[in-house]
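Peer 1: fold the following and give me the result.
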Amino acid sequence: MTGSLKELVADADQLLIGIGSEWNWVKNGLKKDDRYIELLDYCSIEENNWLLPIVEYEYAYYNSDADIEKAYKELKELIGDKKFFLVSDICLWDAPMYGFDVNRCVYPCGNYMYLQTAEENGELILSDKNADFMSIVGMIHDIIINSNGSFDKTISFKKPFFEGKELYINQKRPEYSKINYNEIAYKDRWSEYLKFLSRTLNSKLLILELGVGLQYPTVIRLPFENVVALNKKAHLVRVHEKLYQATPEIKDKTDSVKMNSVDYILQESR
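Peer 2: Okay, the predicted model is just below:
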């Protein structure tokens, strides 16, 4: 690297931060929790795919991750009072929860907070206020807590509805490929993000790309590369266990770090 992260931050005028799948403690945690094995197997059956997002919701609702919490707090302390914007391609609003200004964070791939119908511009409904939805969450939680994850596979999980319309968690994801993703929850913040980018062209911009994979490359990876290419003063720090490589066009303006990005932040904050 061209310097420690603290040194790079100190030298920067502004920061652009991208958060990716390595920070998705829900999906990562589910894979490691033996209590969810049967539920995940059940959800892998095509006709049961719709239940997986709700299993993830239950896990997020009742659990937390100490390393993720510490990493966000340490990252916030690292950037101090520098101007920044944070973009995430995961659906966990952890950054605002752990101290980041919600007006400086955007989650274009969705969230767990709202439910939507299959309509692109329909009303968003608070997840924890819909009885049908929370009833399913309750069933899942009962299986985990009282049955240690074992359950009768003939059990009937009824899909949630509102005024006769089926509900889905407001997220862009493979299980929802046949519905229209409702973008209303992030649109205003996205406009603010674009304004922020327009004001960084002639400033020393430090771009931190942390654990971003290739599931949604047009959200963070490709746009960040374009920003680095256009801004002569920009510098990219790309951190990922596997996908850390820089493209040839911006290689001389990139630090490629082969490391889990959560561990990297915890390391650099010491």
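Peer 1: and the closest residue to residue 58 other than its chain neighbours, its phi and psi?
Peer 2: Take residue 58 and drop its neighbours on the chain: the residue closest to it by Cβ to Cβ, 6 or more residues apart in numbering is residue 140, 4.4 Å away. C-beta: built from backbone N, CA, C; applies to glycine. Note on residue 140: backbone dihedrals following degrees, to the nearest 10 are phi -60, psi -40.
Peer 1: same question for the one 10 residues further on.
Peer 2: Backbone torsions for residue 150, taken as degrees, to the nearest 10, come to phi -90, psi 140.
Peer 1: ok, it - how many residues close by?
Peer 2: The tally of other residues near residue 150 (other Cβ atoms under 10 Å) stands at 13.
Peer 1: over to residue 98?
Peer 2: 16.
Peer 1: residue 242 too?
Peer 2: 10.
Peer 1: isn't there a strand covering it?
Peer 2: No: per DSSP: H, G, I helix; E, B strand; the rest coil, residue 242 lies outside any strand segment and is coil.
Peer 1: pLDDT score for it?
Peer 2: Listed pLDDT for residue 242 reads 97.
Peer 1: for it, give its distance to residue 29.
Peer 2: According to Cβ to Cβ, to the nearest Å, residue 242 stands 19 Å off from residue 29.
Peer 1: centre of the chain to stretch 184-199, how far?
Peer 2: 17 Å (Cα atoms, centre = their mean, to the nearest Å).
Peer 1: give the buried residues for it.
Peer 2: For stretch 184-199, burial by neighbour count (16 or more other Cβ atoms under 10 Å) applies to 185-186, 189, 193, 196-197.
Peer 1: can you list the residues you listed in CSV and add secondary structure?
Peer 2: CSV is the format used below for those (three-state DSSP):
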residue, secondary structure
185, helix
186, helix
189, helix
193, helix
196, helix
197, helix
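Peer 1: which among these gets closest to residue 170?
Peer 2: residue 185 (5.9 Å; Cβ to Cβ).
Peer 1: residues contacting the closest one?
Peer 2: 107, 110-111, 113-114, 124, 170 (Cβ atoms under 8 Å, 6 or more residues apart in numbering).
Peer 1: in strands, which of the residues you listed appear?
Peer 2: Residues of those located in strands (DSSP state E): 110-111, 113-114, 170.
Peer 1: just the strands in the stretch 101-250 of the chain please.
Peer 2: Applying DSSP state E, counting those that start in this stretch to the stretch 101-250 of the chain gives strands spanning 105-106, 110-116, 125-126, 161-162, 165-166, 168-171, 205-210, 235-240.
Peer 1: can you tell me what sits against the longest one?
Peer 2: Meaning strand 110-116. Taking Cβ under 8 Å, 6+ apart as the rule, strand 110-116 contacts 56-57, 60-61, 91-93, 122-127, 130, 133, 160, 162, 167-173, 181-182, 185-186.
Peer 1: how does it look with 7 Å?
Peer 2: Applying Cβ atoms under 7 Å, 6 or more residues apart in numbering, the contact partners of strand 110-116 are 57, 60, 91, 93, 122, 124-127, 130, 133, 167-172, 182, 185.
Peer 1: tell me the average confidence for that strand?
Peer 2: 97.
Peer 1: likewise the fifth one?
Peer 2: Per-residue pLDDT values over strand 165-166 give a mean of 95.
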